[in-house]
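J.: Please work out how this folds:
(chains A and B)
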Protein chains: 2
Amino acid sequence: MKNKPLILVTNDDGILAPGIRALIDVVKGIGEIVVVAPDSPQSGQGHAITIEKPIRLKKVDPFGGIEAYECTGTPVDCVKLAKHIVLKERQIDLCVSGVNHGSNASINIIYSGTMSAAMEASLEGINSIGFSLLDYSFEADFSHIKKYIAQIVNWVLVNKTIKGNLLNVNLPSTPPIKGIKICRQADARWEERFQESIDPRGQKYYWLTGEFINKDTGEDSDVKALEDGYISVVPAGHDLTNYEGMKELKTMAFEEIFDQ
Amino acid sequence: MKNKPLILVTNDDGILAPGIRALIDVVKGIGEIVVVAPDSPQSGQGHAITIEKPIRLKKVDPFGGIEAYECTGTPVDCVKLAKHIVLKERQIDLCVSGVNHGSNASINIIYSGTMSAAMEASLEGINSIGFSLLDYSFEADFSHIKKYIAQIVNWVLVNKTIKGNLLNVNLPSTPPIKGIKICRQADARWEERFQESIDPRGQKYYWLTGEFINKDTGEDSDVKALEDGYISVVPAGHDLTNYEGMKELKTMAFEEIFDQ
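T.: Okay, here's the model as predicted:
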């Protein structure tokens, strides 16, 4: 490790969210910090990128002298711009994303802008960690988790894992925290409800809401670890191949339909 | 299979794209069709959902009598609205998404609105197929692939795979097509370039572009199958856990940093 590692900070709740401020508080003592984050909340953006319109980038100073930029794009856009424009291909030692206001455990990872930003960095070969607190509120208290974020960041900077260069870290909303567990993504999902209503002009609209349903009873899932009061750490990747499905399909003469 | 399977059609290029019209041409002879698609192009939307604002849904008739709705949301929103509002929890036998104008092979799956719509349906337990043609142009010719789309749709309706309920199907842009191959997702990525320019008001902007880089030399990848003139079919899932990374991390005393 260099004396001063270069750490990129981003999030999906926007550059003015308390969560990113908490994360910067932790990492500013650890390395040289550059912040590139969305100028507005981007929760639920998944791995969205902006290709139909241009993106703006603006230097700002919300963190008292720390180099920071707000971006009109998605969290993934922020990471791409940070790597290729702001940092002009300098070696980034670590990307940290968050701290997200709300869980990104289990299936939330695929909807999460926080984790997609971290994943984009990992695709660039950068060690990357997404942090999320299990409290959706703007007023969430991050004080009890700062110590653990520092420990995890320092560990990754020293140990530089190769196969597991992307970590999805979720933290309990209140102390006491019992420990850290390496987990797999729980097989859970959201059950949607739509709030249906009428706007002031008499037009119908829908607003998405839902309920988190976990039928995964395994002991090694991230949801279980969090329920038990642990910090969950899921090493994540970007291969969505369903290898069991491949095996199944190969036994079913699927490829032969071509000759029919 | 019921006599008339219920087939949900969506896409990410918008309800007026030629690709969805080609897909509807194929499936309208196979089942009862309901179309719910975005009212504007949503390429690169990944698994984005709309939670910060309401969503509108409007009945339209661009397909000559086929039940169709345009939606102000993302492709994933379309599937959620189709399932819970438009079809009011009726049993959907199949969701088809596309035909996308452009490849969704390899890492494109994580940026793709087409595949995220299909994945959302699969999370709802609906057999689901995303179709993509390796031609990004609006004027793309879909005529040579209709026969194969029909074969694949009919096969899935009859065989109802369980473990592999989500298929990522990519098709060569021109004939002849040599066959169908069951593949894994190639380990490739995009190398970004940003077009940097100045708008009429003198403000700088960036426009995302890039180059697809494939260093995966395996014989069983989707990119290889497509290069060889085959239709690639990748059974896909939604578990992003990096199990190799889990093993690695467990050997590295990572969990013990908590006690330090």
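
J.: all strands of the stretch 151-260 of chain A, in order?
T.: A:166-171, A:179-182, A:188-198, A:204-214, A:230-235 (DSSP state E, counting those that start in this stretch).

J.: possible to save these as CSV with mean pLDDT, mean neighbour count and distance to B:His47?
T.: For every residue, glycine as well, the C-beta is placed using N, CA and C. Converted to CSV, the strands of the stretch 151-260 of chain A look like this (pLDDT from 0 to 100; neighbours: other Cβ atoms under 10 Å in any protein chain shown; distance: least, Cβ to Cβ, whole Å):
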stretch, mean pLDDT, mean neighbour count, distance to B:His47
strand A:166-171, 98, 28, 15
strand A:179-182, 96, 20, 25
strand A:188-198, 88, 15, 12
strand A:204-214, 90, 15, 13
strand A:230-235, 97, 26, 17
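
J.: Using CSV, please lay out those together with distance to chain B.
T.: Conversion of those to CSV gives the following (distance: least, Cβ to the nearest Cβ, whole Å):
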stretch, distance to chain B
strand A:166-171, 7
strand A:179-182, 5
strand A:188-198, 5
strand A:204-214, 4
strand A:230-235, 3
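
J.: Take the ones you listed and lay them out in CSV including distance to A:Phe142.
T.: Output for these, formatted as CSV (distance: least, Cβ to Cβ, whole Å):
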stretch, distance to A:Phe142
strand A:166-171, 9
strand A:179-182, 17
strand A:188-198, 25
strand A:204-214, 22
strand A:230-235, 13
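
J.: Out of those, which is closest to A:Ile149?
T.: strand A:166-171 (7.8 Å; Cβ to Cβ).

J.: Tell me the buried residues in the helix or strand harbouring A:Val9?
T.: According to DSSP states H and E, A:Val9 maps onto strand A:6-10. Applying a neighbour-count criterion of 16 or more other Cβ atoms under 10 Å in any protein chain shown, the buried positions in strand A:6-10 are A:6-10.

J.: Next, see if that strand gets close to chain B.
T.: No - figure legend: strand A:6-10 not in contact with chain B (Cβ under 8 Å from any Cβ of the partner chain); closest approach 14.7 Å.

J.: which other residues reach that strand?
T.: Contacts with strand A:6-10, where a contact means Cβ atoms under 8 Å, 6 or more residues apart in numbering or on different chains, come from A:20, A:23-24, A:27, A:30-37, A:75, A:78-79, A:82-83, A:87, A:90-97, A:117, A:121, A:126, A:153.

J.: List the contacts of the residue nearest the centre of chain A.
T.: For chain A, A:Met115 is the residue whose C-alpha lies nearest the centre (Cα atoms, centre = their mean; 2.0 Å). With contacts defined as Cβ under 8 Å, 6+ apart, A:Met115 is in contact with A:97, A:104, A:108-109, A:130, A:168, A:236.

J.: mind running it again at 10 Å?
T.: Taking Cβ atoms under 10 Å, 6 or more residues apart in numbering or on different chains, we find A:Met115 in contact with A:12, A:46-47, A:75, A:97-98, A:100, A:104, A:108-109, A:122, A:128-132, A:166-169, A:234, A:236, B:240.

J.: Tell me which of these fall in helices.
T.: Using DSSP state H, the members of those that fall in helices are A:75, A:108-109, A:122.

J.: mind listing what's buried in the helix ranked longest in chain A?
T.: The residue-count maximum for a helix in chain A (DSSP H) belongs to helix A:146-159. Buried positions in helix A:146-159, judged by neighbour count with 16+ other Cβ under 10 Å: A:148-149, A:151-157, A:159.

J.: so that helix versus strand A:166-171, what angle?
T.: Per axes from the mean of the first three to the mean of the last three Cα atoms, to 10 degrees, the angle that helix A:146-159 makes with strand A:166-171 is 160 degrees.

J.: and helix A:146-159, does that touch chain B?
T.: Yes - residues of helix A:146-159 contacting chain B under Cβ under 10 Å from any Cβ of the partner chain: A:147-148, A:151-152, A:154-156, A:159.

J.: Tabulate the residues you listed (TSV), appending pLDDT.
T.: Shown next, in TSV, are those (pLDDT from 0 to 100):
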residue	pLDDT
A:Lys147	96
A:Tyr148	97
A:Gln151	96
A:Ile152	96
A:Asn154	96
A:Trp155	95
A:Val156	95
A:Asn159	91
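
J.: right, and out of those, which lies closest to B:Gly202?
T.: A:Val156 (42.0 Å).

J.: wait, what's in contact with that closest one?
T.: The neighbours of A:Val156, taking Cβ under 10 Å, 6+ apart as the test, are A:5, A:93-94, A:96, A:127-129, A:164-165, A:167, B:254.

J.: which among those gets closest to A:Val223?
T.: Distances from A:Val223 to the contacts of A:Val156, taken by Cβ to Cβ, are shortest for A:Leu167, at 16.5 Å.

J.: The helix or strand hosting A:Cys95 - contacts with which helices or strands?
T.: Assessed by DSSP H and E, A:Cys95 sits inside strand A:94-101. With contacts defined as 3 or more Cβ pairs under 10 Å, 6 or more residues apart in numbering or on different chains; DSSP states H and E, strand A:94-101 has these neighbours: strand A:6-10, helix A:18-27, strand A:32-38, helix A:75-81, helix A:113-123, strand A:128-133, helix A:146-159, strand A:166-171.

J.: let's see it at 6 Å
T.: strand A:6-10, helix A:18-27, helix A:113-123, strand A:128-133 (3 or more Cβ pairs under 6 Å, 6 or more residues apart in numbering or on different chains; DSSP states H and E).

J.: ok so, going back, okay, the angle between the strand holding A:Val9 and helix A:146-159?
T.: Going by the same axes, to 10 degrees, strand A:6-10 makes 130 degrees with helix A:146-159.

J.: partners of strand A:6-10 in the sheet?
T.: As defined by DSSP bridges, the strand partners of strand A:6-10 come to strand A:32-38 (parallel), strand A:94-101 (parallel).

J.: need these in a markdown table with mean neighbour count, can you?
T.: Shown next, in a markdown table, are the strands paired with strand A:6-10 (neighbours: other Cβ atoms under 10 Å in any protein chain shown):
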| stretch | mean neighbour count |
| --- | --- |
| strand A:32-38 | 24 |
| strand A:94-101 | 29 |
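
J.: In TSV, list those strands along with mean pLDDT.
T.: Formatted as TSV, these follow (pLDDT from 0 to 100):
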stretch	mean pLDDT
strand A:32-38	97
strand A:94-101	97
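
J.: Need the ones you listed in TSV (columns: distance to A:Asp199).
T.: Formatted as TSV, the strands paired with strand A:6-10 follow (distance: least, Cβ to Cβ, whole Å):
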stretch	distance to A:Asp199
strand A:32-38	26
strand A:94-101	27
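
J.: Out of the ones you listed, which gets nearest to A:Lys59?
T.: strand A:32-38 (10.2 Å).
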